[in-house]
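1. Let's see this in three dimensions:
(one chain, ligands or ions: 1)
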Amino acid sequence: MNFSLTEDQLAIREMAREFAEKEVAVRAAAIDKESAFPQDLFDLMVRMGFTGLCVPEKYGGSGGNQLDKVIVVEEIAKKCAATAAVLSIHMLFAFLLLKFGSEEQKKKYLPEVTSGGCLAAFALTEPGAGSDAGSARTTAILDEASGEYVINGTKCFISGGGRAKYVALIALTQPEKGLKGFSCILVERGTPGFSVGKTEEKMGLHGSETVELIFENCRVPRENLLGEEGKGFKYAMIGLDAARIGIAAQALGIAEGALEEAVKYMHQRVQFGKPIAELQGLQWYIADMATKMEAAKWLTYYAAYLESAGLPHTKEAAMAKLNASENARFVTNLALQIHGGYGYMKDYPLERMYRDAKITEIYEGTSEIHKVVISRAVLG
Ligand code: CAA
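-> Below is the predicted model:
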């Protein structure tokens, strides 16, 4: 057993940390205040090769594996959870392409979404199908005459969907087959019948746009089918297993950032004639925060290791996301509490971190869904 990062991983962490400290930290408050998609930071992440992580160089990627992705997302999330979310969620499209795409599809799409600067999205959720993803009703029916899928339906809460050049859409190609009737279809922005609906106003994660996608008799060629017909639900679940590790990393980063702020503040803030770092009640908060965070870190790294090694990781990914997201809420809450009234003010980053942490318990599967996944795996 080896708990050390490799030379390459240490170098990636250093690069991501420097990027987060120099470029991201200074933008985080404005991104939140203005609900501004961080296009400039996304472009920088493309240039630095972060959007190409986990994709081989021959497809325009920068190589590496899930653990490299976790390290990068974690570092960025310490300073700005929204920027980390943009990166992490964008990468799910490439994951699906790499895993299930034909050679032709890999060559067509991967260079664009890794080093080419195009944003991509994944569309599963619908107004009536959130945790019960299998109740989605969007259809993509093959019109044999034209050889095109005709897509109808509405997807909601789609991160990055408004700017994405490509969307990996989960839709029913054979509605009568239930869960085995879903397929994954690639849809390009600008295709007639495909439009972007409302942009959500959210509690946090303001820089990561969340939109509705509307499909009205939207026709895409048969070649846009990813993998096999009828396997869409399975692909979505496999994709989410990997994506949830990214959200665990995001939650971990938020917690680490909040802990760093709390420690800094406790050394500076003087009350009762001494720095508040000398107050035992607050020291115990720090002990609890640091311990939970360490546990979240190793669960997340372990899930990433399993995925990278090609080993089963559904349960561990769910555990990592459940643990890291609940921990992020716990840690940001106490870090804000340590700051007292200042923590509640927008002059300090804690209120943003606290709001941003909450979504990690909800998106890419709620905590309750992760408990379903974990208990099914344990009980058999
Ligand atoms: N890996 C591979 N296959 C899997 C799988 C996995 N992790 N999980 C399920 N499957 C397969 C099953 O084996 C089964 O296939 P077979 O019939 O061939 O055996 C099939 O998928 C159906 O599985 P279930 O019977 O378990 O399906 P279910 O209806 O009970 O649902 C669920 C399971 C875990 C609750 C699932 O619906 C789920 O994960 N729900 C949460 C959805 C979610 O996370 N949504 C977030 C969307 S992304 C997002 O948040 C937006 C964004 O932009 C960030």
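2. low-scoring pLDDT stretches of the stretch 201-350 of the chain, where are they?
-> Low-confidence segments of the stretch 201-350 of the chain (pLDDT under 70): none present.
3. Enumerate the residues of the chain near the ligand.
-> Counting by CB under 6 Å from any ligand atom, the chain comes close to the ligand at 89, 124-125, 131-134, 157-159, 179, 233-234, 237-238, 240-241, 314, 363-365, 369, 372-373. Placement of C-beta: from N, CA and C, glycine included.
4. Can you name the next helix or strand after the longest helix along the chain?
-> In the chain, assigned by DSSP state H, the helix with the most residues is helix 232-268. Sequence order places strand 270-271 as the next helix or strand after helix 232-268, per DSSP states H and E.
5. Give the partner strands of that following strand in its sheet and their orientations.
-> strand 274-275 (antiparallel) (DSSP bridges).
6. Quick one: residues in contact with the strand it pairs with.
-> 266-269 (CB atoms under 8 Å, 6 or more residues apart in numbering).
7. hmm, 6 Å instead?
-> Under the contact criterion CB atoms under 6 Å, 6 or more residues apart in numbering, strand 274-275 has outside partners His267.
8. roughly how far is that strand from the heart of the chain?
-> 39 Å (CA atoms, centre = their mean, to the nearest Å).
9. now the angle from the next helix-or-strand element following it to helix 232-268?
-> Downstream of strand 274-275, the first helix or strand assigned by DSSP H and E is helix 280-308. Angle of helix 280-308 versus helix 232-268, following axes from the mean of the first three to the mean of the last three CA atoms, to 10 degrees, is 150 degrees.
10. shift numbering so it begins at 46
-> OK, 46 is where the count begins now, so the last one is helix 325-353.
11. Which elements pack onto helix 325-353?
-> Counting contacts by 3 or more CB pairs under 6 Å, 6 or more residues apart in numbering; DSSP states H and E, helix 325-353 packs against helix 111-124, helix 277-313, helix 359-383.
12. out of these, deepest packed?
-> helix 111-124 (a mean of 28; mean count of other CB atoms under 10 Å).
13. State the mean pLDDT of that helix.
-> The average pLDDT for helix 111-124 rounds to 98.
14. circling back to that earlier point, in ChimeraX, select just the buried ones from the residues of the chain next to the ligand.
-> Applying 16 or more other CB atoms under 10 Å to these leaves a buried subset, and the ChimeraX line that selects it is:
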select :134,169,170,178,202,203,204,278,279,282,283,285,286,359,408,409,410,414,418
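15. Okay, angle between the longest helix of the chain and helix 359-383 too, please.
-> Computed by the same axes, to 10 degrees, the angle between helix 277-313 and helix 359-383 is 30 degrees.
16. give me every residue that touches Leu98.
-> Counting by CB under 6 Å, 6+ apart, the residues that Leu98 touches are 107, 109, 113-114.
17. switch the cut-off to 10 Å
-> 57, 90, 106-118, 132, 136, 139, 159 (CB atoms under 10 Å, 6 or more residues apart in numbering).
18. ok, now Thr405?
-> With contact set as CB under 10 Å, 6+ apart, Thr405 has these partners: 122, 126, 130, 249-250, 292-300, 366-367, 369-374, 412.
19. go with 7 Å
-> 292, 295-296, 370, 373 (CB atoms under 7 Å, 6 or more residues apart in numbering).
20. cool, Ile407 as well?
-> Contacts here follow CB under 7 Å, 6+ apart; on that basis Ile407 touches nothing.
21. Against Gln328, how distant is it?
-> 32 Å (CB to CB, to the nearest Å).
22. quick one on the thing from earlier: mind giving me the packing neighbours of the longest helix of the chain?
-> helix 111-124, helix 126-145, strand 227-233, helix 325-353, helix 359-383, helix 395-404 (3 or more CB pairs under 7 Å, 6 or more residues apart in numbering; DSSP states H and E).
23. when you compare where the fourth one runs with where helix 126-145 runs, what's the angle?
-> Think helix 325-353. Using the same axes, to 10 degrees: helix 325-353 against helix 126-145 is 20 degrees.
24. How far does helix 325-353 sit from its chain's centre?
-> With CA atoms, centre = their mean, you get 19 Å for helix 325-353.
25. repeat for the shortest one
-> Centroid separation for strand 227-233 versus its chain: 20 Å, with CA atoms, centre = their mean.
26. With the last one instead?
-> Its chain's C-alpha centre lies 15 Å from the corresponding centre of helix 395-404 when counted by CA atoms, centre = their mean.
27. Name the surrounding residues that touch it.
-> With contacts defined as CB under 7 Å, 6+ apart, helix 395-404 is touched by 77, 126-127, 248-250, 296, 299, 302-303, 306, 373-374, 377-378, 380-381, 384, 388-389.
28. buried set for that helix?
-> By neighbour count on 16+ other CB under 10 Å, the buried set for helix 395-404 is 395-404.
29. Pull up the gap between the residue nearest to Ile283 when sequence neighbours are not counted and Ser49, please.
-> What sits nearest to Ile283 in space, not counting adjacent residues and going by CB to CB, 6 or more residues apart in numbering, is Lys144, at 6.9 Å. Distance of Lys144 to Ser49, given as CB to CB: 29 Å.
30. The two: which is more packed in?
-> Lys144 (13 against 7; other CB atoms under 10 Å).
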